[in-house]
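Peer 1: My questions concern the predicted model and sequence given below.
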Amino acid sequence: MKRLLWPLLVLAALLAVNLFFTPSFFSVEMKEGHLYGSLIDILRFGAPLILVSLGMTLVIATGGIDLSVGSVVAISGALACLRISEDGGVFSAVVLALGLCVLLGLWNGFLVAGVGIQPIIATLILMVAGRGLAQLIADGQIITVNSPSYKVIGGGYLLTVPFGILLVLVVLGVTAFLTRRLALGVLIESVGGNAEASRLAGIRSRGIVITVYAFAALCAGVAGLMISSNVSSADGNNAGLWIELDAILAVVIGGTSLAGGRFSLGGTVLGALIIQTLTTTIYSVGVPPETTLLVKALVVAAVCLVQSPKFRDKVFRRAGPRSSPRPAAEEKVRVTA
Amino acid sequence: MLVVAGLAAATLTACGGSGGGSGSGGGDGSITMGFAQVGAESGWRTANTKSVQESAKAAGITLKFSDAQQKQENQIKAIRSYIQQKVDVIAFSPVVESGWDTVLKEAKNAKIPVILTDRAVDSKDTSLYKTFLGSDFVEEGRKAGKWLVEQYKDAKDPVNIVELQGTTGSAPANDRKAGFQEIIGADPKFKIIASQTGDFTRAKGKEVMEAFLKANPDIDVLYAHNDDMGLGAIEAIEGAGKVPGKDIKIITVDAVHDGMQALADGKINYIVECSPLLGPQLMDLAKKVVKNESVPARVVTEETTFTQEQAKTALPSRKY
């Protein structure tokens, strides 16, 4: 829990900034029969990023990385919208799109665990080729669909709550159960710690790795459905563009080491919420578009610095008495770096 | 592409046979054009490609077409291969503004005239290309501004405007913003209360508009730099319990099919056209430069504007 302290503080600080500029920021009201407010927006638009980041967390925990999730987002949306525009069967379209995403994830896992290609290269292949595939599916066009039931996934409401948020809660719940109540989480951490040692200890590390890549792609697929359903159209060129980088950032802000091993699902969710809150803040505070990226970079740099025990140690040591022993600090660095 | 080129060649022979001979330049009477397209990134671009291919066929020009998939190096490669093939004229839509001097000099040395379409290059040496055919984005912004001023000419209260900009730093975003500002800036009652980039996409348009709606309770007008962002914003406005086109007036640029549909449905109030159908003008220019006739250095695409009524009549015959 202590690991989550700093991300929580950052999130609180960002929200406080908003309160300063927009006094009504925290008000949540009922409009058109559903919840309406800035906080709901953050959760709703953050939902796809949270999903992608959850998948990314498990991949990173095994010591891997998945750059292809953005392209999978685009493919999923494009295929679903194409099917719906052809015959209108939403359920079959969703199943087909998610099925393809799992296949693509298995392909990534096969390249990494089966063939032994480095994860960053293995998933780079699908990252580049996948966007082409999405454009091929959509024939280079933006496919617009007019299906109220498809619209529900990313833009609809269930019992006044945005459906996307509920979907995230379900995926988060299932993932937390599988990795924290069952042994899967320990197995993933062990593979991430040392794949060869885990294999010798009797863990099927290959199977675990393939599973997490398939899971990451499935999460990305659901996120893709959400993004395209939210605007009732599929944009093969822009949907999920650079979301893989945001997801990796969310995982890192959440305190999971890129070197693999221990991971924190709660931290990842916080990380994704920080990124989305930052985006919303920039819109509502009125930062000029030319400086948006700079502001984002500064905030992210500050977040990373404040999370580094080494940095904190240096700053606080100067300010206060020399209290924290060095070896402990260095050990922590290895966890967060 | 081979099929297209083949068809074009077939038409050419047919034309020659019938003794039309209208406007075919050069010594042997036939023109070959190398066209390096940006890619197929949007419906607009696809319509642009079709227009070029169809009008080449109609004009009896043999077209060699390449798709750069949004990458400058692909486009440079394509232009070099056109130079080697000794085409009569090269036309292309530059992916980015800079870095064209070398390859354009090669074309100039090979005495092949170059026509820029849709997008400009920032090259200081304007002798490297014959002409630039494309939309005037500043004028598009002005047209949007003029309609707005006309709509609110009797209003006394301040008019609160929010703006969804295109991709930061892109020519259409900069120019459409500047042109709009130029017109509405004359009257202090027009106030742009929020302006943010929506990256020309529906998803971003919706997300940014959601934030605008919460931060600014009183929005009268939305000006979006393209239809897609406007379409995304319409969903955000509907989600906030307001009526797009009535509670918030919406002006967009482009006039792609989905945008025209929304205009005809009354959800958008005014669209400034940015036409991709520059094929016929391009072929006319190509014939002139091959014959060494002088052409203006800047040719603006023929474009119009649409109100809701005009959209209803124009929609059935739109090509894109």
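Peer 2: The structure has been received and is ready for your questions. Here the structure is a predicted model, which is why all the values come from computation and not from measurement.

Peer 1: Give me the below-cutoff pLDDT ranges for the stretch 1-150 of chain B.
Peer 2: Screening the stretch 1-150 of chain B residue by residue with the criterion pLDDT under 70, one finds the ranges B:1-29, B:41-42.

Peer 1: Tell me which residue in it sits closest to chain A.
Peer 2: B:Ala40 (3.4 Å; CB to the nearest CB). Just so you know, the C-beta spots here come from the backbone N, C-alpha and C atoms, and that holds for glycine as well.

Peer 1: That residue and A:Asp139, how far apart?
Peer 2: In this view, B:Ala40 and A:Asp139 are 8 Å apart by CB to CB, to the nearest Å.

Peer 1: Looking at those two, which has the bigger crowd around it?
Peer 2: B:Ala40 (21 against 13; other CB atoms under 10 Å in any protein chain shown).

Peer 1: hmm, back to that, wait, the residue of the stretch 1-150 of chain B closest to chain A touches B:Thr46, no?
Peer 2: Yes - the pair B:Ala40 / B:Thr46 is scored as a contact, 5.6 Å apart, by CB atoms under 8 Å.

Peer 1: Which neighbours do those two have in common?
Peer 2: Residues within reach of B:Ala40 and of B:Thr46 at once, by CB atoms under 8 Å, 6 or more residues apart in numbering or on different chains, are A:Gly140.

Peer 1: and stretch A:24-35, how far out from the chain's middle?
Peer 2: 26 Å (CA atoms, centre = their mean, to the nearest Å).

Peer 1: contacting residues around B:Lys177?
Peer 2: B:Gly141, B:Glu163, B:Gln165, B:Ser195, B:His225.

Peer 1: Now do the SS call for the closest residue to B:Gln69 other than its chain neighbours.
Peer 2: Nearest residue to B:Gln69, sequence neighbours excluded (CB to CB, 6 or more residues apart in numbering or on different chains): B:Gly39, at 4.8 Å. Secondary structure, DSSP: H, G, I helix; E, B strand; the rest coil: B:Gly39 is coil.

Peer 1: out of the contacts of B:Lys177, what pair is the most spread apart?
Peer 2: Spatial extent of the contacts of B:Lys177 (CB to CB) is set by the pair B:Gly141 and B:Ser195 at 12.8 Å.

Peer 1: So for the two, which residue has more residues nearby?
Peer 2: Neighbour totals were compared for B:Gly141 and B:Ser195, and B:Gly141 leads with 26 against 18 (other CB under 10 Å).

Peer 1: so the more buried one makes contact with B:Gly179?
Peer 2: Yes - counting by CB under 8 Å, B:Gly179 is a contact partner of B:Gly141 at 2.4 Å.

Peer 1: How about B:Glu238, nearest residue that isn't a chain neighbour?
Peer 2: B:Glu238 sits nearest to B:Pro244 (CB to CB, 6+ apart), 6.3 Å away.

Peer 1: any idea how far that neighbour is from B:Gly232?
Peer 2: 11 Å.

Peer 1: how about the residues of the stretch 101-250 of chain A near chain B?
Peer 2: A:132, A:135, A:140-142, A:144, A:155, A:227, A:230-233, A:235, A:237-239 (CB under 8 Å from any CB of the partner chain).

Peer 1: Now for A:Leu158, how many residues are close by?
Peer 2: Neighbours around A:Leu158, by other CB under 10 Å: 13.

Peer 1: Thanks a lot, catch you later.
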